[in-house]
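Participant: Pasting the sequence and the predicted coordinates here, then a few questions.
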Amino acid sequence: MTRGRELLEEFDEEMGPTRRVLERVPSDKGQWKPHPRSFAMGHLAQLVWWMPGWLAPAIHHTALRAQLGVYLRLNDIPVPSMYRPTADERGFLG
């Protein structure tokens, strides 16, 4: 398998968990922030949604990884499984 093919397969695997997280972001919480210096949840969701378009720069900036999941948790919205089950999903081993 070529390196390009490996990267495409990995990208496809990442899109499922990313989509599950974005689907949970409620439209009425777009302006919610855990702190005044934080991104608004809607803005952060847009950034995550746009990530495939700026994949190369995103490799160098890991601060967006799992941050949206934390925002969901702070708003009592069930966090979907991404790489392993979460406390909100079946199979969590706690």
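Facilitator: Now that the structure is in, tell me what you want to look at. Remember, it's a predicted structure, so these values are computed and weren't measured experimentally.
Participant: what's the model's confidence in the top helix by length along the chain, averaged?
Facilitator: The longest helix of the chain (DSSP state H) is helix 3-23. Helix 3-23 shows a mean pLDDT of 87.
Participant: List the buried residues for the following helix or strand past it?
Facilitator: Counting by DSSP states H and E, the next helix or strand C-terminal to helix 3-23 is helix 41-50. For helix 41-50, the neighbour count (16 or more other CB atoms under 10 Å) marks 41-42, 44-45, 48 as buried. Yep, even glycine has a C-beta here, placed from its N, CA and C like the rest.
Participant: What are the buried residues along the longest helix of the chain?
Facilitator: In terms of neighbour count (16+ other CB under 10 Å), helix 3-23 has its buried residues at 18, 21.
Participant: Stretch 19-37 now?
Facilitator: Buried-residue list, stretch 19-37, by 16+ other CB under 10 Å: 21, 24-25, 29, 32-33.
Participant: Need the contact partners of it.
Facilitator: 39-43, 45, 48-49, 68-72, 74-75, 77-82 (CB atoms under 8 Å, 6 or more residues apart in numbering).
Participant: now those residues: which count as buried?
Facilitator: Among those, those buried by neighbour count (16+ other CB under 10 Å) are 39, 41-42, 45, 48, 68-69, 71-72, 77, 79-82.
Participant: the inter-axis angle of the longest helix of the chain versus helix 41-50?
Facilitator: 160 degrees (axes from the mean of the first three to the mean of the last three CA atoms, to 10 degrees).
Participant: Secondary structure element for Leu72, which one?
Facilitator: Assessed by DSSP H and E, Leu72 sits inside helix 67-74.
Participant: got the angle between that helix and helix 3-23?
Facilitator: Using the same axes, to 10 degrees: helix 67-74 against helix 3-23 is 20 degrees.
Participant: Which neighbouring elements make contact with helix 67-74?
Facilitator: Using 3 or more CB pairs under 8 Å, 6 or more residues apart in numbering; DSSP states H and E as the contact test, the elements touching helix 67-74 are helix 3-23, helix 41-50.
Participant: quick one: it to chain centroid distance?
Facilitator: Distance of helix 67-74 from its chain centroid, counting by CA atoms, centre = their mean, to the nearest Å, is 9 Å.
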